[in-house]
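>>> Predicted model and sequence follow; I will ask about them next.
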Amino acid sequence: MNAPRWSLQRVLDSSLLRFNRPDVPLIVATRNAAGVVLPLLLGLVFDKLGVGIWMALGALVVMFSDQPGPYRQRLLHIALAALGAALAGWAGFVFGAQRDIMIVLALLLGFGGGLLVQFGAAASRIGMTSMILLVIAGATPMPLRQAMLDGLLLLAGGLLQALLAVAAWPLGRCRPQRLLLAQIYRELAQLTRQRPGDDDAPPLSERMLDAQTMLLGERDAHGRASEALLVLLDAAEQLRLHVLARDSALNTSALRQETAVVLDAIAAALQTGTPSAAATEALQRLQQHDAAAGMAQAAMLAPLARAVRNANWAGSAGELRAAAAERSLPPALRGDSPWVQLRANLNMKSAAFRHALRMAVALALGVAVERYLGLAHGYWLPMTLAIVLRADFAATLSFGVQRALGTVLGLLLTTLLLNLGGGMLLSILLLGALAFLFRWLGNSNYLLAVAALTGAVVILLAMAGESAAQSMHDRLVATLLACGAALGGYLLWPTWERTRIQPALAAMLRAYADYLAALTGADARRLAHMRAASRLARVNALASLERLRGEPFATAELRMRAERVFAHANRLVRSAMSLELLPVEQRATPAAAAWLRQCAESVGACARHLDGARDVVLPAPPAAPGERLTLQRLADAVHALQTVLQPAVAAGAGTD
């Protein structure tokens, strides 16, 4: 496997020219745009446009916190983002005229907001939103009473987005969970028709992890519909194992096609939320198939039948019975408490801590520069810094370039459109269209999304009295300065992925070793937890590997070694997942259990080697007992992994 050398042109081409299919539903983008436009329309009608502007700004900045998930979780994320924006805006209003206090506030909020990256994307958005509102509000200082009122308007705008996001809660409490499961079953059908190669990562890992976090983390999973969703998740996990098993009963194209038809029908029933006769009929045809006896021996029909039955119940409008079926998130998916996690990251070895310090210094310097130099529209400088500066080099470079180009495009187009005239109503409608495009394209092409966001902000500020044409030059200069400063700041004090890739791969291998060890027992709950932990570790390792690919100073040898370790680890875990299909009494026999424990010890030694313990001697991988193909593939994957990590030792072991 050859690892291509780092190329700036390749990195920029992949970010600037890539246009993924928008994954944001049109209804979501539409309601988010409505949350921005509605306050302005009401303000225009009642001659309170100033009130509408601050509410619209509050709705605009929390827009991206409206992410898929349970309604309770969605409401919490948007409400927290709105509260953070309102408090930061209030501080900016009150202390905006006091230069030194604003610099200190920027330092503190930059550190706190940067540290939130350790808690995930949702928390990171809250931090970035707060930083943006601090510098925007700081440009319009006002008396304490007025600051309180306008801060409440920012909060009201954010809460309006929250209300729109959960408006269908009483009618469709389980709809987000149901749609995610529909996507999983749809992709299972595609996977059944065309299986991936041995070196590919086990498909659906991230979606299954999202589903487990969403469903198993719900503490109010009461009632028949909620229970049906949990059963569907368990069935999907079992079906995925069967589909990925090379020696399963899906050994003919006819069987694969008919099974895929059943899975597609289940997905359609979940998508529409209505009972599906098509799924039942497709299952009956599959049961009557000549080779159904082989499938029954592989135990695939049982979870398939459970999925068909529960797809009907999951879409019911009401609950069929009240039952206390509370299930908490498995320990493998549950992190430490936020305070424990926060304390663990308060040191210079933590990438989150280093990013927080970098963000604090950058934001404070941005505020200081624009205040001391008296830059016109200078708040655009620290605002861009807060958006562009990321925790890794590749993202900072990509976002910086796209932010600069998108800002230029957005300023030029919006200024041109505003100069054409058309009145306040037309400006509000144009703002709504740009807000829609920003939300819809946000995950598809950041350059175009930034152009839309820039245009929306320019229109809002023009409504507040700023001339778009006169301020265009100032904003362009501030954007270019901020993008250059963000990249320069990262290069001065970097956190390179090349120092983190091996610990991430080691954590993945440790999780795989625990999973192999769990296969030797009859504790189904522990096995499920270890499987979930291995999936989470694999997702983290893949994210680290993708960041490594975008770094300029990582050697080709390191990238190639990491790619090879990840590929052979994928082969290993796919074979292990196939073993899970065996009855417990077969894989838990003394001989089989001893062999699996040897494999687990070998994989654990590989993890310790990656962690830097160079004195670790990798034991020879145990020979596969019997002629079963899955066992042979597992032993071969362990040996290949050792060969990558310690070629001489592994080669010698293989000749014994």
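Received the coordinates, thanks. Numbers count the residues shown, from 1 in each chain.

>>> from here on, contacts and neighbour counts on C-alpha atoms
Noted.

>>> got the residue ranges for the strands in the stretch 551-656 of the chain?
Under the criterion DSSP state E, counting those that start in this stretch, the stretch 551-656 of the chain carries no strands.

>>> all helices of it, in order?
556-579, 584-587, 590-610, 629-645, 647-654 (DSSP state H, counting those that start in this stretch).

>>> which stretch in the ones you listed is the model least sure about?
With a mean of 41, helix 647-654 has the lowest mean pLDDT of the helices of the stretch 551-656 of the chain.

>>> which ones are touching the most centrally placed residue in the chain?
Closest to where the C-alpha atoms of the chain average out (Cα atoms, centre = their mean) is A121, at 6.6 Å. By Cα atoms under 8 Å, 6 or more residues apart in numbering, no residues touch A121.

>>> That one and T479, how far apart?
24 Å (Cα to Cα, to the nearest Å).

>>> for the stretch 201-350 of the chain, what are the low-confidence residue spans?
Along the stretch 201-350 of the chain, segments meeting pLDDT under 70 span 201-202, 213-227, 246-251, 289-299, 313-338, 340-341, 344.

>>> For it, which segments are assigned as strands?
Counting by DSSP E, counting those that start in this stretch, one finds no strands in the stretch 201-350 of the chain.

>>> Check which helices and strands the host helix or strand of A478 sits against.
Per DSSP states H and E, A478 falls inside helix 468-492. Other elements packing on helix 468-492 under the criterion 3 or more Cα pairs under 8 Å, 6 or more residues apart in numbering; DSSP states H and E are helix 351-372, helix 380-388, helix 393-419, helix 446-463.

>>> at 6 Å instead, please
With contacts taken as 3 or more Cα pairs under 6 Å, 6 or more residues apart in numbering; DSSP states H and E, helix 468-492 sits against helix 380-388, helix 393-419.

>>> Worst mean pLDDT among those helices?
helix 393-419 (a mean of 80).

>>> For that helix, buried residues please.
If you call a residue buried by 16 or more other Cα atoms under 10 Å, then helix 393-419 has these buried ones: 393-412, 414-415, 418.

>>> give me the number of residues near A456?
As a burial measure, A456 scores 29 neighbours (other Cα atoms under 10 Å).

>>> quick one: contacts for it?
431, 434 (Cα atoms under 6 Å, 6 or more residues apart in numbering).

>>> where does it land on pLDDT?
For A456, the predicted pLDDT is 90.

>>> Now do it against L42, distance only.
Separation of A456 from L42 (Cα to Cα): 18 Å.

>>> do the same with G550
For G550 relative to L42 (Cα to Cα), the value is 47 Å.

>>> now do R475
30 Å.

>>> Same check on R439?
Distance, R439 to L42, by Cα to Cα: 22 Å.

>>> Which one's more surrounded, the two?
Applying other Cα under 10 Å to R439 and L42 shows that R439 carries more neighbours, namely 26 against 14.

>>> Okay, angle between the helix or strand that the more buried one is a member of and helix 393-419 too, please.
Using DSSP H and E, R439 sits within helix 423-441. Helix 423-441 and helix 393-419 are oriented at 160 degrees to each other (axes from the mean of the first three to the mean of the last three Cα atoms, to 10 degrees).

>>> Same question for helix 423-441: list its buried residues.
By neighbour count on 16+ other Cα under 10 Å, the buried set for helix 423-441 is 427-428, 430-441.

>>> Kindly report the same for stretch 540-550.
Quick answer for stretch 540-550 (16+ other Cα under 10 Å): 540-542, 544-545, 547-550.

>>> between those residues, which is closest to L105?
R547 (31.2 Å; Cα to Cα).

>>> Next, find the distance separating the closest one from R285.
R547 is 47 Å from R285, by Cα to Cα.

>>> what's the answer for A245, then?
23 Å.

>>> And for V361?
From V361 over to R285 (counting by Cα to Cα), the distance is 66 Å.

>>> Pick out whichever of the two has more residues nearby.
V361 (19 against 14).

>>> count of neighbours near F119?
14.
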